[in-house]
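Q: coordinates only, no sequence provided:
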């Protein structure tokens, strides 16, 4: 099977209930978008001939050609700006940035241009660009390739920020993101690309304004997203064996946060643990804890617990990298603390 055939197969089978990887789910979404709309292009470093740093776009260059799958120079500020310009001009570009750390080179374009132009033009100029990037640690890629900076982008008005944590969301978040008239940033955790899952036969476009309750429970709410979701679900299963019924809320949308789902869950369980691969200081966990304290204080039977990355640059050695990241044991321990155990 050629690379192009593989790309086509991913698109054709991803909706038929077969088990696929997170990577192939994204690839299928890209194929569908490119097939459906000639305005859609994918652009970024090594996305074409090489097939993408994480093999997400493998086969797409052969299938759609170099005018639709565009290899760019190693200049995040330059090609992100080109994507923004193309969006203003009527295209629907998907800009891939190899890793979130490299996106800092494009902050001026993302924060000062894409996020502000609708406001600064009085609503006359929209920027319908989708920016995808890998995030997170766990692959021993050292500090300059391993941080989780989603909270920085979730801080910025004018951006919509998504973080799929399931195969189904990886498959079905892209279409509504492309349909959005304003910039959408999608964070794909590096440790999820090989994760496998099955798509429901009736799966379709995701509501990219809502969180999802992945596991119902009554004793404690565990809030997670992206790469921390599988660990949090594992922690919930372990707590269940101890007689603790944990509810798991998958944020999946970091801006705008779905306060209704988050606060509704906390009101039911009266306890909350926020799991976040950001650092504690100024991270998503800090924002969520503040919102819960402000709006659900009288519902709480215990202080909000936070499980986050240790406040160091992510180490390279495997044992230190794992020690720096949220792990299942830490999530279980935090849940026990909210229950006074």
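A: Cool, the structure landed. The structure displayed is predicted, hence computed values, not measured ones. Numbering: from 1, shown residues only.
Q: quick one: low-confidence residue ranges for the protein.
A: Counting by pLDDT under 70, the chain contains low-confidence residues at 1-17.
Q: mind naming the longest helix for it?
A: Counting by DSSP state H, the longest helix found in the chain is helix 22-36.
Q: who are the packing partners of that one?
A: Applying 3 or more Cβ pairs under 8 Å, 6 or more residues apart in numbering; DSSP states H and E, one finds that helix 22-36 contacts helix 3-13, strand 40-44, helix 60-64, strand 92-97, helix 167-172, helix 174-179, strand 196-198. C-beta coordinates here come from the backbone N, C-alpha and C atoms, glycine included.
Q: I'd like these as CSV, with mean neighbour count and distance to residue 265 appended.
A: Output for the helices and strands packed on helix 22-36, formatted as CSV (neighbours: other Cβ atoms under 10 Å; distance: least, Cβ to Cβ, whole Å):
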stretch, mean neighbour count, distance to residue 265
helix 3-13, 18, 34
strand 40-44, 23, 36
helix 60-64, 21, 39
strand 92-97, 26, 32
helix 167-172, 25, 18
helix 174-179, 20, 23
strand 196-198, 14, 23
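Q: Serialize these to CSV and add fields for distance to residue 234.
A: Conversion of these to CSV gives the following (distance: least, Cβ to Cβ, whole Å):
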stretch, distance to residue 234
helix 3-13, 27
strand 40-44, 32
helix 60-64, 33
strand 92-97, 29
helix 167-172, 16
helix 174-179, 27
strand 196-198, 15
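Q: what ranges do the helices span in the stretch 101-250 of the chain?
A: 107, 117-120, 150-154, 167-172, 174-179, 229-241 (DSSP state H, counting those that start in this stretch).
Q: the fifth one packs against which elements?
A: Which is helix 174-179. Short answer (3+ Cβ pairs under 8 Å, 6+ apart): helix 174-179 packs on helix 22-36, strand 92-97, strand 130-135, strand 184-189.
Q: quick one: residues contacting the residue sitting nearest the centre point of the chain.
A: Compute the mean C-alpha point of the chain, and by Cα atoms, centre = their mean the closest residue is residue 163, 1.7 Å away. By Cβ atoms under 8 Å, 6 or more residues apart in numbering, the contact set of residue 163 is 135, 150, 186-187, 189, 225-226, 251-254.
Q: check contacts around the closest residue to it other than its chain neighbours.
A: Among residues not flanking residue 163 along the chain, residue 226 sits closest, at 3.9 Å (Cβ to Cβ, 6 or more residues apart in numbering). Residue 226 makes contact with 135-136, 148, 150, 163-165, 187-189, 192, 277, according to Cβ under 8 Å, 6+ apart.
Q: export the residues you listed to JSON lines and tack on distance to residue 202?
A: Output for those, formatted as JSON lines (distance: Cβ to Cβ, whole Å):
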{"residue": "135", "distance to residue 202": "29"}
{"residue": "136", "distance to residue 202": "30"}
{"residue": "148", "distance to residue 202": "32"}
{"residue": "150", "distance to residue 202": "29"}
{"residue": "163", "distance to residue 202": "23"}
{"residue": "164", "distance to residue 202": "18"}
{"residue": "165", "distance to residue 202": "20"}
{"residue": "187", "distance to residue 202": "26"}
{"residue": "188", "distance to residue 202": "24"}
{"residue": "189", "distance to residue 202": "26"}
{"residue": "192", "distance to residue 202": "23"}
{"residue": "277", "distance to residue 202": "31"}
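Q: quick check: residue 97 touching residue 77?
A: No: using Cβ atoms under 8 Å as the test, residue 97 is too far from residue 77 to be in contact (10.6 Å).
Q: good, wrapping up.
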